[in-house]
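Novice: generate coordinates for the sequence data below:
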Amino acid sequence: MTDNFDRLGRFLTAVLRILPAELSHDIGLLAMEHGFLKLLPPPKNQAVAVPLQVTIPGLGRLRHPIGLAAGFDKDARCPDAFEYMGMSFIELGTVTPRPQAGNPKPRLFRYPETRSIINRMGFNSQGAEAVLRRLQEQKWTPTQVPLGVNVGKNKNTSAEQAINDFITGIEAFATVASWLTVNISSPNTPGLRSLATPEFVRDLAYSAGGHRKKCWIKVDPDMDRKTFQLLIEAIGSHEFPGVIIANTHRVEWPETGGQSGHPLLSPSNTCLEWAWDVTKGSLPVIATGGVLSGVDAFHKLARGAIAIQIYTALIYRGPGAVFRICEELAQELKLRGFGSAEEAIGSCYS
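Specialist: Have a look, this model is predicted:
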């Protein structure tokens, strides 16, 4: 069921898609930052067919499983706009310790025929100090949706020194964020994915100390099965609260970068299955990658995800995407005989 918020939002999103991808993103983010979204008729929560509440360790009980993936609001410019869109949790970033411009433009490309995006942004970031100051000024409260920060390393930081960058980010945001994500999985920072090893996970656990219990690890979908499962085992054994599966898929054509959107659904679902083989659900998983509909969301839950993040869906379905995906998910759960979203978690293995 649609409402005026959804109709107008889809229209405005379609207008923005006429422009080059990064320009339209910047204009949309600027409009959201200045409260334009709240000039639209308030979105209407439709009655859903089954309860959608889920629980994420450290974040608490959420009204539904759909949240914002990192990459959309890198510098904490407008988290309140994503709350208005209906997100049940929000991840900002990636934030690097020091400001950096990222890769040269053009670096963001849309492919409507496959409902996908390729980016090679390269961790463009205003830096931890500026983002922390903005979050402190916003005074985000526990009564609002849980807010997380994704942290990465600067491009000119060597692999040997990378852990220092991650600890800088973790310590900067530990008191203002509900959780933190350690990004060792973007394909657009040279050498970053080489850190995705059990040894690095061990060293990170030791260096993070008590903050480790807030740190989720985001992994990529391009590892072979054995390497992936060894990494998952290490994350679980070092008592990190969970893992985010998965970052973008590395591509070289038609552009070099990381691919998100519909083509990422299948490989990221395979990674969920590989993780379940190792943990049998004992390590919480937040799933991201290719979720454009409620049916897509269902398949993430069925493969063991406890919650789901979206990004590309906002580009192609507009700001009402969260409400529509929740409605579709509730209908899919009902049709499959589930009484709640939580009943469906891991159901494809039983």
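
Novice: if we look at stretch 24-43, which residues are touching it?
Specialist: Applying C-beta atoms under 8 Å, 6 or more residues apart in numbering, the external contacts of stretch 24-43 come out as 3-6, 8-9, 13, 16-19, 72-73, 77-78, 81, 84-86, 108, 319-320, 323. C-betas here are computed from N, CA, C, even on glycine.

Novice: tell me which of the residues you listed fall in strands.
Specialist: residue 108 (DSSP state E).

Novice: can you tell me which of the contacts of stretch 24-43 end up in helices?
Specialist: Under the assignment DSSP state H, the contacts of stretch 24-43 contribute 4-6, 8-9, 13, 16, 81, 84, 323 to helices.

Novice: among these, which pair sits farthest apart?
Specialist: 16 and 323 (19.4 Å; C-beta to C-beta).

Novice: and of the ones in helices among the contacts of stretch 24-43, the nearest to residue 219?
Specialist: residue 81 (28.2 Å).

Novice: show me what contacts that closest one?
Specialist: 32-33, 35, 37-38.

Novice: drop anything exposed from those residues.
Specialist: 32, 37 (16 or more other C-beta atoms under 10 Å).

Novice: pull the most distant pair out of the contacts of residue 81.
Specialist: 33 and 38 (11.5 Å).

Novice: most centrally placed residue in this structure?
Specialist: The geometric centre of the chain, computed from its C-alpha atoms, lies nearest to residue 69 (C-alpha atoms, centre = their mean), at 2.1 Å.

Novice: helix or strand: which one has the residue nearest to it when sequence neighbours are not counted?
Specialist: Nearest residue to residue 69, sequence neighbours excluded (C-beta to C-beta, 6 or more residues apart in numbering): residue 309, at 3.7 Å. According to DSSP states H and E, residue 309 maps onto strand 307-310.

Novice: now that strand - C-alpha only, CSV.
Specialist: Extracted C-alpha coordinates of strand 307-310, given in CSV (Å, rounded to 0.1, in the frame of the first residue of the first chain):
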residue,chain,number,x,y,z
ALA,A,307,18.5,-8.0,10.9
ILE,A,308,19.1,-6.4,7.5
GLN,A,309,20.6,-3.2,6.2
ILE,A,310,19.7,-1.5,2.9
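
Novice: who's in contact with the nearest residue in space to residue 167 that is not next to it in sequence?
Specialist: In space, and not counting its chain neighbours, residue 167 is closest to residue 207: 5.3 Å by C-beta to C-beta, 6+ apart. Residue 207 makes contact with 163, 166-167, according to C-beta under 8 Å, 6+ apart.

Novice: of these, which is the nearest to residue 216?
Specialist: Taking C-beta to C-beta as the measure, residue 216 sits nearest to residue 166 out of those, at 12.5 Å.

Novice: what sits against the closest one?
Specialist: Contacts of residue 166 (C-beta under 8 Å, 6+ apart): 151-153, 182, 204, 207-208.

Novice: out of those residues, who's nearest residue 268?
Specialist: residue 182 (18.2 Å).

Novice: hang on, the residue nearest to the centre of the chain packs against residue 311?
Specialist: Yes - with contact defined as C-beta atoms under 8 Å, residue 69 and residue 311 form a contacting pair (4.3 Å).

Novice: higher neighbour count, residue 16 and residue 323?
Specialist: Neighbour totals were compared for residue 16 and residue 323, and residue 323 leads with 24 against 18 (other C-beta atoms under 10 Å).

Novice: for the more buried one, give me the pLDDT.
Specialist: Looking at residue 323, its pLDDT stands at 94.

Novice: so who does it touch?
Specialist: Here residue 323 is in contact with 5-6, 43-46, 86 (C-beta under 8 Å, 6+ apart).

Novice: also residue 102?
Specialist: Neighbours of residue 102 in contact, by C-beta under 8 Å, 6+ apart: 121-125.

Novice: which residues in the stretch 101-250 of the chain form helices?
Specialist: For the stretch 101-250 of the chain, the helices defined by DSSP state H, counting those that start in this stretch cover 128-138, 162-173, 198-208, 225-237.

Novice: burial check on the spatially closest residue to residue 99 that is not a sequence neighbour, number of neighbours?
Specialist: Once flanking residues are discounted, residue 99 sits nearest to residue 127: 3.7 Å by C-beta to C-beta, 6+ apart. Look at residue 127: counted by other C-beta under 10 Å, it has 16 neighbours.
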